[in-house]
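Undergrad: Using only what follows, build the 3D model:
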Amino acid sequence: MASVGFIGLGNMGLPMAQNLIKAGHRVIGLDVSAAAVGKVKDAGGDAAADVADLARRSDVIVTMLPSGKEVREVYLGAAGIVAHAKAGAVLIDSSTIDVESARAVAKAAHEKGLLMVDAPVSGGVGGAQAGTLTFMVGGTDDAFAKAKPFLDAMGKTIVHAGGAGNGQAAKICNNMILGVSMIAVSEAFVLAEKLGLDAQKLFDISSKSSGQCWSMTTYCPVPGPVPTSPANRDYQAGFTAAMMLKDLRLAQEAAGSAGASTPLGAQAGSIYQRFVDSGEAGRDFSGIIRFLRNSPR
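TA: The predicted structure follows:
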């Protein structure tokens with residue numbers, strides 16, 4: 001089995017790394033949190049001294065980082081992955097970042113003879129833990145083929161979206177749909193309350209009618225109809241409002257550079273900005289319903 005370096009062992013990265021260990025790979029972990037690295041070691045993995053050390057020891061490198069800035073630093077710095085990776089190494093960036101950064105890093109990797117894909121995920125912490133994530137993958141056919149067995153160990157649905165950066169493009173388009181639809185579903189439930197319509201009755205109707213969508217049937221923003229949704233846990237985050245705002249901002253940046261009109265995406269970003277500014281950055285993004293319920297008309 002391969003030696004897999006994993007950088008970024010947060011709420012998503014740690015269970016992804018643990019699933020790679022379960023699949024039989026030798027995982028080398030690196031994170032700013034010593035406790036997170038300790039959990040990788042407890043699961044049978046190893047620790048790296050720094051990025052360069054990890055790169056020199058790994059056949060495959062997976063990263064899960066906060067933003068394009070960190071991805072550029074970790075990959076392109078003098079002590080970074082591209083400078084120190086083994087010849088022929090496979091690089092998988094599962095961060096959600098801007099398309100421009102994804103393509104810049106992939107270009108640098110290609111120039112060094114390395115295979116790289118951008119492979120952001122959908123499915124949240126639960127999907128990471130269960131190994132059922134969806135990966136949206138950008139890169140060459142060869143890079144995708146080499147990366148896929150490792151993605152299979154962490155996810156259930158692996159889709160090759162095209163060339164470098166297209167995984168990020170797919171992710172931000174998908175999450176723009178999600179952000180807009182969650183607001184629409186939340187507004188409908190708030191309106192139902194005002195009109196005296198029971199939430200369960202609305203769910204029973206809309207979940208089987210033209211209003212049906214993932215935000216309604218899987219992640220319903222009111223308690224009751226979907227017992228597994230965060231609404232039943234005081235909106236404890238599976239995917240935070242701050243992360244949704246980040247993705248909506250990325251979508252707007254991409255829309256600006258591509259000359260695309262996305263008025264609903266822009267409005268959704270504005271609403272989530274106000275939700276985050278109200279002190280709810282760490283709340284699940286479906287908690288937007290409480291913000292809408294209490295907002296002036």
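
Undergrad: Just say helix, strand or coil for Ala196.
TA: Quick fix: residue 196 is Gly, not Ala. The three-state label given to Gly196 by DSSP: H, G, I helix; E, B strand; the rest coil is coil.

Undergrad: Which stretches in the protein count as helices?
TA: Counting by DSSP state H, the chain has helices at residues 13-22, 34-42, 51-57, 68-76, 81-84, 99-111, 124-130, 141-152, 166-194, 199-206, 214-217, 241-258, 263-275, 288-293.

Undergrad: Could you give me the buried positions within the helix or strand of the chain with the lowest mean pLDDT?
TA: Scoring the helices and strands of the chain by mean pLDDT, DSSP states H and E places helix 124-130 at the bottom, with a mean of 91. By neighbour count with 16 or more other C-beta atoms under 10 Å, helix 124-130 contains the buried residues 124, 127-129. The way it works is simple: take the backbone N, C-alpha and C, and place the C-beta from them, glycine included.

Undergrad: Val239 is in contact with Phe285, isn't it?
TA: To be clear, residue 239 is Phe; Val isn't right here. Yes. Between Phe239 and Phe285 there is a contact at 5.5 Å, judged by C-beta atoms under 8 Å.

Undergrad: More neighbours: those two, which one.
TA: Phe285 (30 against 22; other C-beta atoms under 10 Å).

Undergrad: Distance check, that one against Asn174.
TA: As judged by C-beta to C-beta, to the nearest Å, Phe285 and Asn174 stand 14 Å apart.

Undergrad: before we move on, the earlier item: what helices or strands is the least confident helix or strand of the chain leaning on?
TA: Counting contacts by 3 or more C-beta pairs under 8 Å, 6 or more residues apart in numbering; DSSP states H and E, helix 124-130 packs against helix 13-22.

Undergrad: now the least confident helix or strand of the chain, how far from the chain's geometric center?
TA: Remark: helix 124-130 is offset 11 Å from the chain centroid, using C-alpha atoms, centre = their mean, to the nearest Å.

Undergrad: about what we covered before: among the helices of the chain, which is the most enclosed?
TA: Highest mean neighbour count among the helices of the chain (mean count of other C-beta atoms under 10 Å): helix 13-22, with a mean of 23.
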